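**Student:** What shape does this take:
(chains A and B)
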Amino acid sequence: MSNAPRSQSKHPPASGRPPGSVPPASMPRAPALPRGEGTILVTGACGRLGKHVVRVHHRERRVIGVDRRPFPDKPKDVVHEQLDIRRKKLKDLFRAEPIEAVVHLGVMHDPRASQAEHHSWNVAGFQKLLEYVAQFQVPKLVVLSSANVYGPQPDNAQFLNEDAPLLGGARFSEIRDLIEVDMLAQGFFWKHPSTETVILRPVHIVGAVHNAASNFMRLPTIPTLLGFDPMVQVIHESDVVRAIGRALVPGRRGIYNVAGAEPLPLSHIVKILGKPSIPIPYTFGKALLKRLWAFRLTTFPAPELDHIRYVCMVDDARAREELGYVPAMPIEETVRSVELESW
Amino acid sequence: MRLSSVAGRLRSVAPLARRLIDSAVSGVDDWMTGKLGEEFNERLARVPLNLTATGVDEFGLDPQWTKWALASVAFLHRKYFRTEIFGKEHVPAGRILLISNHSGQVPIDAALIGASLFMDVEPPRFTRAMVEKWTQTLPFVSLLFARVGQVVGVPENAKRLLENDEALLVFPEGARGISKSFDKRYQLVDFGLGFMRLALETGTPIVPVAVIGGEEQYISVGNFESLAKLLRMPNMPILPQLLLPFGALPLPTRYRIYFGEPMRFEGDPDDDDAIIEEKVFAVKATIQSMINRGLKARKSVFF
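**Tutor:** The predicted structure follows:
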């Protein structure tokens, strides 16, 4: 790999710093490792997906987790830096040792957080991260975007490929900063060819995670829209972690849709879960959800109804071919995984 | 909370309701088998399908729904319209593009071509067709279309279906074709070029189809454009027969469906419109002459 010698120079002569201000090396400095074995920095490491990624990789390579939340049950050999990625301190992590790969999972999805907070965290924070990745010439960057950036539309192709326009924000403005993150990563991909940038766009992630899709499937009675039953794709979190692992392999770069096991109609998900469902007319459901949202009785914003109305499915042929990614979790287990006790 | 008690009651009723539905389904199944004969089920078993683990295909086609839809269309096909099929030996196995004239205000022609591909042609198969994008915004309609194998009309979907070796039905006249007024009957309007690029790209043989009998089922005297625009529909034909008792039913004309010999084209799918147009014109001319011959052979609209 042509990038290997670069990652060996531990200290890029950054902005004329006096040599004395190197952070005290409490841990032995990682020796120069061949590509694919160096340190990984994971943002959002304390989310459920982040923990999963950390657990998969910490035995084989050094893992630094960055998150402002605590990491109570972290494995001993994982370094957890409890900090906000918008803070300058993040830069010290890059300065302290050569980082071989950055896995960016730290995207805020909380629909209740204010727009300004969302934007500052997701976009400004990510920009900072990109700045350091460029400055310290990190050879690999993996960004977890989402297939939701394409958005559910009545005129979507059944399977969208990576070139499809990102229209998710057209009806659902809260998703715009996710699209912005995806676009920033795309811009970075072209501007900094020395970093192998991989953008993963997984479909609805389900499992122990707490996101809209999993929470929806955990409802005691699942509401559906009367007369609509779109095909949906779900992916188990372990398959997402597997895809991230494939993306970390040296030499891989590009944008990849990541889908789980086969697509299925929403009604089949309800059937697998063995739960009752209530079909609600769309106009009524939308008005009701708006009201509930205003009174803080639901965590689902009304525009998300489009996800149970129209298709938003992706073609993951490119990930299968180029990343060698194959989902391992069968569809029934994937769906049922939302019911399991989370760890 | 009232809501939770309602949910709880629903949960206790749900298994009972499911059992009732299941028994109703099997009852209807038995009755259908009695009406349509064993041959219907035997043909159903031979339809090539690419089903996923949960029993639908990747576009949402459900064999059970399709079976019921075909059973109801079978009644229209055999009894109501007494459809005659010509040239069924011309339909090859494997991927095909069926290119047909479009007529009749409501797409009964598509249903009848679908029924004949299942009931008359060897090997039996489910026809896939492309539907208007706006149908996806309609409740029940979008659901029904998806379950019986109709997909949203975008080129990516068509390509994927053909790569899965499906039989794809395309009406290159589009919505303008189906809403022809009575004085323009059986005159093909402009063909879109997309189907030809698709055929060239996927190496698919084109089977020209002429449908006769559809133009007389609803007599349209014009198009109510402003109302159509208001309802966001592609067109709104003016049908005087709707004022008559039972006028909403199509007139029981006799349908005649002609399948022509498969046409194979070669060339670059990204050629200029002018070059593609020539090939499209060859298909259009074939269909128009099939229609003209069929009209000449027809003795009566109704018999």
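
**Student:** C-alpha only now, for contacts and for neighbours.
**Tutor:** OK.

**Student:** Can you tell me the SS state at the most centrally placed residue in chain B?
**Tutor:** For chain B, the residue nearest the mean C-alpha position is residue B:110 (2.8 Å; CA atoms, centre = their mean). At residue B:110 the chain is in helix, as set by DSSP: H, G, I helix; E, B strand; the rest coil.

**Student:** what sits against it?
**Tutor:** B:129, B:169 (CA atoms under 8 Å, 6 or more residues apart in numbering or on different chains).

**Student:** How much space separates it from chain A?
**Tutor:** 21 Å (CA to the nearest CA, to the nearest Å).

**Student:** What score does that residue have for pLDDT?
**Tutor:** Here the pLDDT value assigned to residue B:110 is 90.

**Student:** Same question for the one 3 residues further on.
**Tutor:** At residue B:113, the model reports a pLDDT of 93.

**Student:** for the chain, where's the lowest mean pLDDT among helices and strands?
**Tutor:** Just going to use chain A. Every helix and strand in chain A was compared by mean pLDDT, DSSP states H and E; the lowest is helix A:4-8, with a mean of 40.

**Student:** you looked at the wrong chain, it should be chain B
**Tutor:** Across the helices and strands of chain B, mean pLDDT, DSSP H and E gives its lowest value to helix B:2-36, namely a mean of 69.

**Student:** C-terminal to that one, what's the next element?
**Tutor:** Per DSSP states H and E, the first helix or strand lying C-terminal to helix B:2-36 is helix B:38-45.

**Student:** any idea of the mean pLDDT in that next one?
**Tutor:** Averaging pLDDT along helix B:38-45 yields 83.

**Student:** same thing with stretch B:179-186?
**Tutor:** Across stretch B:179-186, the average pLDDT comes to 87.

**Student:** ditto for stretch B:249-257
**Tutor:** 91.

**Student:** Enumerate the positions of it that are buried.
**Tutor:** The neighbour-count check on stretch B:249-257 (16 or more other CA atoms under 10 Å in any protein chain shown) flags B:250-257 as buried.

**Student:** which one of the residues you listed is nearest chain A?
**Tutor:** residue B:250 (25.7 Å; CA to the nearest CA).

**Student:** Roughly how far does the residue nearest to the centre of chain B sit from residue B:255?
**Tutor:** Going from residue B:110 to residue B:255 by CA to CA, to the nearest Å gives 12 Å.

**Student:** Near chain B, which residues of chain A are found?
**Tutor:** Residues of chain A that fall close to chain B, judged by CA under 8 Å from any CA of the partner chain: A:154-159, A:220-221, A:226-231, A:262-265, A:268, A:275-276, A:310, A:331.

**Student:** let's go with 6 Å and repeat that
**Tutor:** Selection of chain A residues close to chain B by CA under 6 Å from any CA of the partner chain yields A:154-155, A:157, A:227-229, A:276.

**Student:** All the strands of the stretch 1-150 of chain A, residue numbers only.
**Tutor:** Listed in chain order, the strands of the stretch 1-150 of chain A (DSSP state E, counting those that start in this stretch) span residues A:39-43, A:63-67, A:79-82, A:99-104, A:140-144.

**Student:** Using TSV, lay out those strands together with distance to residue B:157, mean pLDDT and mean neighbour count.
**Tutor:** Below are the strands of the stretch 1-150 of chain A laid out as TSV (distance: least, CA to CA, whole Å; pLDDT from 0 to 100; neighbours: other CA atoms under 10 Å in any protein chain shown):
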stretch	distance to residue B:157	mean pLDDT	mean neighbour count
strand A:39-43	37	94	24
strand A:63-67	42	93	24
strand A:79-82	46	91	18
strand A:99-104	33	95	25
strand A:140-144	27	96	25
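
**Student:** Nearest approach to residue A:249 belongs to which of the ones you listed?
**Tutor:** Closest approach to residue A:249 among these (CA to CA): strand A:140-144, 9.0 Å.

**Student:** How far off centre is the closest one?
**Tutor:** Offset of strand A:140-144 from its chain centre (CA atoms, centre = their mean, to the nearest Å): 9 Å.

**Student:** Can you spell out which helices and strands pack onto it?
**Tutor:** Judged by 3 or more CA pairs under 6 Å, 6 or more residues apart in numbering or on different chains; DSSP states H and E, strand A:140-144 is in contact with strand A:99-104, strand A:196-202.

**Student:** The very next helix or strand once past that strand to strand A:196-202, inter-axis angle?
**Tutor:** Counting by DSSP H and E, the next helix or strand C-terminal to strand A:140-144 is helix A:176-191. Inter-element angle recorded for helix A:176-191 and strand A:196-202: 150 degrees (by axes from the mean of the first three to the mean of the last three CA atoms, to 10 degrees).
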